[in-house]
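Engineer: here you go, sequence then predicted model.
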Amino acid sequence: MNLCLNILEILCIIFVVILLFVIIISFIENHIIKITSYVIEDKKIPKEFDGFVIAHLTDLHNTSFGNNNEKLIDKVRKLSPDIIVVTGDMLVGHKNTDVTVAANVLNELTLVAPTYFSMGNHELRISRYLDTYGSMWDIFLKQLLPEVNLLFDEKTTVSRNDSHINLFGVTLNPKLYTRLKDIRMPKKHLSKRFGCCNNDDFNIFLAHNPEYFKDYAAWGADLTFAGHVHGGIVRIPFLGGVISPKLKLFPEYDKGLFEHSNKYMVLSGGLGNHTIKVRVNNHPEIVKVTLKHTDETT
């Protein structure tokens, strides 16, 4: 009996030690921003955009890295981006939650490079359900500088000399974020918003939810930037992220660079936390993407 108790006590001690270790590691990781770099090569990228640098931020969730997020802004500044794309969930969609942190970051980013902002599910929530969230969305929008380019189901172009690339900000139906359900994207969901794709152009999607990457690619998005999954919260070597916001275990898209039919998706692990306020083996992340023109003959 005493032997059994001793073994149980030892196991409890081991469990507590492991738990404390995980908490300490998570706390440290949550305060260290990692830069992840990718190069996207495509013959559709105009020669004028060869070497064009895009910084990608997502899922801040009101997190602060230093006073007024100066550490975050400094990290972005050092990348010398040509543009900055932000794919949503910069604030937290809880009633009466302050929106100032998110607005200030977006405003500061415009001082670094032209900044393009699309919705995540948290922005979508407070912009749609006004009976619940009151004037939060209006307050947030009023705090943004005019220089923040809002792409809410809209398209814009970025030009260099006589060439351009297209940016599309995708706002999904709230049902497409439903937990514990696999919901297909309705046919023509994207074409109803953006029309037919001009496949001669290089088209970039800012689409918070990565689950529908194949739909984005099928429409014609050459490069998709996404977030939402937070890298799977806890990342296990060789297995990847453990859980998605839809509560799927080991989701297909968790973090990194993905390819489908010669189309690409850059999926960031994001910067902050929301429901599950922990990260293990999963640093907050800023993504740097460099575009590279390739000739058709190469």
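Structural biologist: Nice, I can see it.

Engineer: give me the nearest residue to the residue nearest the centre of the chain, chain neighbours excluded.
Structural biologist: By Cα atoms, centre = their mean, the chain has its centre lying nearest to residue 227, at 2.6 Å. In this structure, residue 227 finds its nearest non-sequential neighbour in residue 58, 3.0 Å apart by Cβ to Cβ, 6 or more residues apart in numbering. To be clear about C-beta, it is placed using only N, CA and C from the backbone, and glycine gets the same treatment.

Engineer: which pLDDT does the model give that neighbour?
Structural biologist: Per-residue pLDDT puts residue 58 at 98.

Engineer: burial measure for it, as a count.
Structural biologist: 30 (other Cβ atoms under 10 Å).

Engineer: dihedrals phi and psi, it?
Structural biologist: Phi and psi for residue 58, reported as degrees, to the nearest 10, are phi -160, psi 160.

Engineer: strands along this protein, start to end?
Structural biologist: Taking DSSP state E as the criterion, the chain carries its strands at 34-42, 53-57, 83-86, 115-117, 148-150, 154-160, 163-170, 203-207, 223-226, 235-236, 240-241, 256-260, 263-267, 285-293.

Engineer: so for residue 107, which of those sits nearest?
Structural biologist: Proximity to residue 107 (Cβ to Cβ) singles out strand 148-150 among the strands of the chain, at 6.7 Å.

Engineer: burial measure for residue 131, as a count.
Structural biologist: 6.

Engineer: could you report the neighbour count for residue 130?
Structural biologist: Residue 130: 12 neighbours (other Cβ under 10 Å).

Engineer: confirm for me that it is in contact with residue 95.
Structural biologist: No - using Cβ atoms under 8 Å, residue 130 makes no contact with residue 95, being 11.3 Å away.

Engineer: give me the contacts around stretch 246-253.
Structural biologist: Under the contact criterion Cβ atoms under 8 Å, 6 or more residues apart in numbering, stretch 246-253 has outside partners 177-181, 210-211, 213, 226, 229, 232, 239-244, 265, 267.

Engineer: that older thread, give the contact list for the residue nearest to residue 227.
Structural biologist: By Cβ under 8 Å, 6+ apart, the contact list for residue 58 reads 86-90, 120, 208, 225-228, 268, 270-271.

Engineer: residue 164 too?
Structural biologist: Listed by Cβ under 8 Å, 6+ apart, the contact partners of residue 164 are 46, 157-158, 201.

Engineer: beta partners of it?
Structural biologist: Bridge pairing for residue 164 (DSSP bridges) gives the partners residue 159.

Engineer: and if you look at the one 5 residues further on?
Structural biologist: The partner list for residue 169 in beta bridges (DSSP bridges) reads residue 154, residue 206.

Engineer: again, but for residue 288
Structural biologist: Beta-bridge pairing for residue 288 (DSSP bridges): residue 37, residue 55.

Engineer: any chance you could map the helices in the protein?
Structural biologist: 2-29, 70-78, 100-109, 121-128, 130-133, 136-143, 189-194, 213-219 (DSSP state H).

Engineer: how far is the fifth one from where the chain is centred?
Structural biologist: Looking back up the chat, that one is helix 130-133. In terms of Cα atoms, centre = their mean, to the nearest Å, the centre of helix 130-133 is set 25 Å apart from its chain centre.

Engineer: now the third one
Structural biologist: On the basis of Cα atoms, centre = their mean, helix 100-109 is displaced by 16 Å from the centre of the chain it belongs to.

Engineer: fine by me, thanks again.
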